[in-house]
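In: Let me see the structure of the following:
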Amino acid sequence: MHTTEEDNTSRYPALDQITDDPFHLWEDHSKDSSMLILANGFLSDVQFYIISLFMIYLTQIINICAIIANSLSIAVFVKLGFSEPSNISLTALAVCDFTLAVLSTWVNLCFWLTYHNVRLPFHGPNVTYLTGGVQWPFLSSTIAWITAFISFERCLCILAPLKVRRLITTRSTFVAMLIIILLNFCPSFFTYIRYKFVWVFNPYLNRTILDTITVNSELAILFEKISIAICGVIQPLSAFLIVLICTVLLVVQLRKISSWRMSVTSAKSQRVQPEENPAASSSAGEARISHKEERLVRMIVTIAAIFIVCYIPTCIALLCYVVFDEFNMFGVYRRLSIVSSYITSLGQPISGSINILIYYKMASKFRSVFRRLVRLVRQEQKRHELE
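Out: The predicted model follows:
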């Protein structure tokens, strides 16, 4: 990535000194001896190549699974309709997971093609960074906040059900999803103030390719730092804490609900003629409603728990990004940053792939619509085969 005339001094090598290999490593000049050992000692060139290729293949497989799983989830939720607010938020979650998996697939595909000496009409690392890598943390933050909203909404429904049902409607949920997406994803476009696409001649390839330049003006640097600090670090970490707190509260409430149901069931079993007691039938109705709410809460808790486990590596990487200024794609700790990005990129696709299994296991309506949808697909395939 090259700089504009606003800053001709760059720590990066000239264009004719680099190849189109995405694993090409510039020499690290770290002032921190411990980090220098990590960058050059623990990760040699051979180790870095092996880890990178393995992670690319593994991530690509998981991304394909996430694309298929979230496509099916979106189709099922569309069939179910959006009369319930929870369907809107879960659909938004599936759409974001699907988009993130598509972007990750694009980045991995470009890296894989470049590594196998497929001469692309653009510089692989730089162009894929702006067309897929930049959006990844902002989409990840969007997913985190949607999960936080779902968990927070369930907490309110249990703690204050009468008041929340008036506030959490289909319209308010749709507006909330739109606001979350805009606030988290749109700031990623500020990055294009700092980095821009240009056509340059690459002597190594002996042709003109699409590359990027770095605008090192104070305004561009300020916009990038603000957008990444707020939307790439502060917002996702805040959402992670909200999900963690709400999940703990939901688990506590689940235990209280289970204890309450056991006490109600025990009281009913001691009654000789429960049908003659109006209060008994009322309690039975409340038990049925509570059981339905409990199943939904258990599903949300499971989704949130899986999200927490899968998002922990991302939180660690974000903290490293804050502590170490050069821990990024173009810094002196570039090698460690790339490996950490491979690891963190696994978490969200895994979470997105597992969600459909949770819906199928815990949501009876989702399961029935999913079965009908698969049955229709099979019938269409048989019809085409007969034709």
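In: Show me where the stretch 1-150 of the chain has its helices.
Out: 33-36, 45-80, 85-115, 124-128, 135-159 (DSSP state H, counting those that start in this stretch).
In: Residue 235 and residue 188 touch, don't they?
Out: No. With contact defined as CB atoms under 8 Å, residue 235 and residue 188 do not form a contacting pair (11.8 Å). For the C-beta atoms, the positions are set from N, CA and C on the backbone; glycine is no exception.
In: Look at the two and report which has more neighbours.
Out: Legend: neighbour count by other CB atoms under 10 Å for residue 235 and residue 188, higher for residue 235 (23 against 20).
In: wait, is the more buried one part of a helix?
Out: Yes. Counting by DSSP: H, G, I helix; E, B strand; the rest coil, one finds residue 235 located in a helix.
In: and the closest residue to it other than its chain neighbours, what does it touch?
Out: Leaving aside its chain neighbours, residue 235 sits nearest to residue 141 (4.9 Å; criterion: CB to CB, 6 or more residues apart in numbering). Contact analysis of residue 141 by CB atoms under 8 Å, 6 or more residues apart in numbering lists 184, 231, 232, 235, 236, 239.
In: Can you tell me how far the residue nearest the centre of the chain is from residue 299?
Out: For the chain, the residue nearest the mean C-alpha position is residue 140 (3.7 Å; CA atoms, centre = their mean). Residue 140 sits 22 Å away from residue 299, taking CB to CB, to the nearest Å as the criterion.
In: Quick one: the contacts of residue 141 as TSV, columns for pLDDT too.
Out: Converted to TSV, these look like this (pLDDT from 0 to 100):
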residue	pLDDT
184	84
231	72
232	69
235	81
236	82
239	89
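In: Next, give me the two most distant ones among these.
Out: Using CB to CB, the contacts of residue 141 span at most 12.1 Å, a distance reached by 232 and 239.
In: which of the contacts of residue 141 count as buried?
Out: 184, 231, 232, 235, 236, 239 (16 or more other CB atoms under 10 Å).
In: Adding distance to residue 294, write those out as CSV.
Out: Output for the buried ones among the contacts of residue 141, formatted as CSV (distance: CB to CB, whole Å):
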residue, distance to residue 294
184, 31
231, 35
232, 36
235, 31
236, 30
239, 25
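In: Tell me the one of these nearest residue 259?
Out: residue 239 (30.6 Å).
In: host element of that closest one?
Out: helix 235-269 (DSSP states H and E).
In: Show me how far that helix is from its chain's centre.
Out: Averaging C-alpha positions (CA atoms, centre = their mean, to the nearest Å) puts helix 235-269 25 Å from its chain's average.
In: Touching, residue 114 and residue 120? I think so.
Out: Yes. Contact criterion CB under 8 Å: residue 114 and residue 120 qualify, at 6.2 Å.
In: Comparing the two, which shows the higher neighbour count?
Out: Higher neighbour count among residue 114 and residue 120: residue 114, with 22 against 15, using other CB under 10 Å.
In: For the more buried one, give me the pLDDT.
Out: Here the pLDDT value assigned to residue 114 is 76.
In: Please report the distance of the spatially closest residue to it that is not a sequence neighbour from residue 108.
Out: Nearest non-adjacent residue to residue 114, counting by CB to CB, 6+ apart: residue 124, 3.9 Å away. Noted for residue 124: a distance of 11 Å to residue 108, by CB to CB.
In: Over to residue 262?
Out: 50 Å.
In: Looking at the two, which has the bigger crowd around it?
Out: The neighbour count for residue 262 versus residue 108, taken as other CB under 10 Å, is higher for residue 108 (22 against 10).
In: before we move on, what SS does residue 197 have?
Out: Applying three-state DSSP: residue 197 is strand.
In: how deep is residue 245 tucked in, by neighbour count?
Out: 14.
In: Now do the one helix or strand residue 182 maps to: which elements does it pack against?
Out: Using DSSP H and E, residue 182 sits within helix 170-185. If you count contacts as 3 or more CB pairs under 8 Å, 6 or more residues apart in numbering; DSSP states H and E, helix 170-185 packs onto helix 85-115, helix 135-159.
In: what angle separates the shortest one from helix 85-115?
Out: Angle of helix 135-159 versus helix 85-115, following axes from the mean of the first three to the mean of the last three CA atoms, to 10 degrees, is 160 degrees.
In: Show me how far helix 135-159 is from its chain's centre.
Out: Distance, centroid of helix 135-159 to centroid of chain: 11 Å (CA atoms, centre = their mean).
In: Okay, buried residues for that helix please.
Out: So, applying 16+ other CB under 10 Å, buried residues of helix 135-159: 135-158.
In: Centre of the chain to stretch 80-100, how far?
Out: 14 Å.
In: mind listing what's buried in that stretch?
Out: Neighbour-count burial for stretch 80-100, counted by 16+ other CB under 10 Å, picks out 80, 85-100.
In: Show me the contact partners of it.
Out: 66-67, 70-71, 73-74, 77-78, 136, 139-140, 142-143, 146-147, 149-150, 153, 168-170, 172-174, 176-177, 180-181, 296, 348-349, 351-352, 355, 359, 365-366, 369.
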